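Student: when you get a sec, could you give me coordinates for this:
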Amino acid sequence: MVLGTKLLCLVVAGVVGRTPPAAGSPLVSDVALQQAGFIKFWEAQVPLAAGDSIRDAYLVDEALYITSELGSIFSLQADVGLVRWGTKLTEADYRIYPPGHIQRSGGAGPVVIPTTTAIIILDRFLGDLKYRFHPGMAIGSPAAGVDNTLFMGGADGNFYALSFSPLLPNQLMKRWEVYAGGPVTAAPLIYAGDALVFASLSGKVFSCRASDKSFRWSFRTQGAINGDPAVDDSGVYVASADRSLYKMDREDGRLHWRARFPRPLTEGPFVTAQMVYQFCQGHGLTALDAVTGQEKWRVEDGRMLAAHTSGGDIVMTTTNLLRVVHHEHGEILATVEAPSVFKAVSNTRDGSVYLLGRDGRVLCVRLDDVPYLRQQQVMAARQQLNRPPVDESKSADRLPKPFVSTPDPTEEDPLRSKKDITP
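Tutor: Presented below is the predicted three-dimensional model:
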């Protein structure tokens, strides 16, 4: 296996981008989509190797990342369905954690993907290998990154900040670590520049400064936290195995509200448009008001929020149905059967619904309130496919400040915070 080498099938003419879907029955009937008010926005075929199949998919900013059972990963440009690149990442049956984009003060950063045995950083637009690290600790969670520092949890109960440098391309340097009270499996959050939030299986939530781990606040639930926290402008949302969803103030950690469920919550919430969506096994998908925590509606067979649109929330059910649900009172406006769909991708960014088949087919549908995707748009996107976007509206003086720690020079250890987080 040569990591960073793009799969050969990607360079064959006609394979990259809007390739014809696989033969056979469609993932979703065109007639059923039209009757429910959907349009087929685009359809693509991920070029899987023989005998391979899709394992999982994640929407991160503008990219749709798809992992396979045999250890490959693919990147699609989510708005037009073009395949950017694909690469063999790890061995079959090894875990591939959800990818994350490293924040860069000067523009779009690379993608970081932890696996069972390594932390891999790839060029976000080309898929070329930039770094591969063996961190010397048991990887427990996805990673978040700012400039040349990664933040991630360990299965050993610690949370780590790890720095890397082009001068030492195969070595990670431990910037700081802190005991989290138990293994960390949930993805960390970075918001407001330097605010870091992470949670552990001990039921504890911590917030500190990302640059030097200076303590900000902590909160304790009564059960393990497995699912990823979420954040919006008003708070941090955490689902716990104590059967509760919590909203905490993102600045000081005080409790805003607590919503109780009949069973333990093992997945994190999704937040969009002042609404919070929480799945509970055997109870379905519940929509809550983000301000008050009051239940607005519940879909009993709901599995996940597939998209939030002006025409209604799109809910994927446990029985492979797409339901269009009225945003405010939960009325079922339309239903589409999708028996061949293996997975939907939760999207809180726009109205696109991403549906996947095991055989590598990816279908994007939208409610019929948007213009169709034009060939000119696809051609323009193809020309820019492997290059970072250019935002000419941003001048140099408006770019975010670089991520730089501010250590106290009087301290013996310049990376030591003034107050460590304690369990």
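Student: only C-alpha atoms from now on, for both contacts and neighbour counts.
Tutor: Fine.
Student: so where's the stretch 1-150 of the chain shaky on pLDDT?
Tutor: Across the stretch 1-150 of the chain, the ranges flagged by pLDDT under 70 are 1-24.
Student: let's see that with 50 instead.
Tutor: For the stretch 1-150 of the chain, the stretches flagged by pLDDT under 50 are 1-5, 7-22.
Student: helices of that one, start to end?
Tutor: In the stretch 1-150 of the chain, the helices defined using DSSP state H, counting those that start in this stretch lie at 30-35.
Student: with the stretch 301-423 of the chain instead?
Tutor: Under DSSP H, counting those that start in this stretch, the stretch 301-423 of the chain gives helices at 375-383.
Student: the strands in it, which residues?
Tutor: Counting by DSSP state E, counting those that start in this stretch, the stretch 301-423 of the chain has strands at residues 302-309, 312-317, 321-325, 332-337, 343-345, 353-356, 361-367.
Student: what's the closest of these to residue 61?
Tutor: Of all the strands of the stretch 301-423 of the chain, strand 343-345 sits nearest to residue 61, with 13.0 Å by C-alpha to C-alpha.
Student: got the contact list for the closest one?
Tutor: Here strand 343-345 makes contact (C-alpha atoms under 8 Å, 6 or more residues apart in numbering) with 56, 57, 58, 59, 306, 316, 353, 354, 355, 356, 357.
Student: let's see 7 Å
Tutor: By C-alpha atoms under 7 Å, 6 or more residues apart in numbering, the surrounding residues in contact with strand 343-345 are 57, 58, 59, 306, 316, 354, 355, 356, 357.
Student: same check on stretch 143-160?
Tutor: Identification of contacts with stretch 143-160 by C-alpha under 7 Å, 6+ apart yields 100, 102-104, 112, 114, 137-142, 161-165, 176-185, 187-188, 403.
Student: endpoint to endpoint, it covers what distance?
Tutor: Counting by C-alpha to C-alpha, to the nearest Å, you get 10 Å between the two ends of stretch 143-160.
Student: isn't residue 228 up against residue 189?
Tutor: No. Assessed by C-alpha atoms under 7 Å, residue 228 is found out of contact with residue 189, at 8.6 Å.
Student: of the contacts of strand 343-345 - the most surrounded one?
Tutor: Compared across those, residue 316 has the highest neighbour count, 29 neighbours, by other C-alpha atoms under 10 Å.
Student: helix/strand/coil for the closest residue in space to residue 215 that isn't next to it in sequence?
Tutor: Once flanking residues are discounted, residue 215 sits nearest to residue 208: 4.5 Å by C-alpha to C-alpha, 6 or more residues apart in numbering. Following DSSP: H, G, I helix; E, B strand; the rest coil, we place residue 208 in the strand state.
Student: for residue 208, which residues count as its bridge partners?
Tutor: Here residue 208 sits in beta bridges with residue 196, residue 215, going by DSSP bridges.
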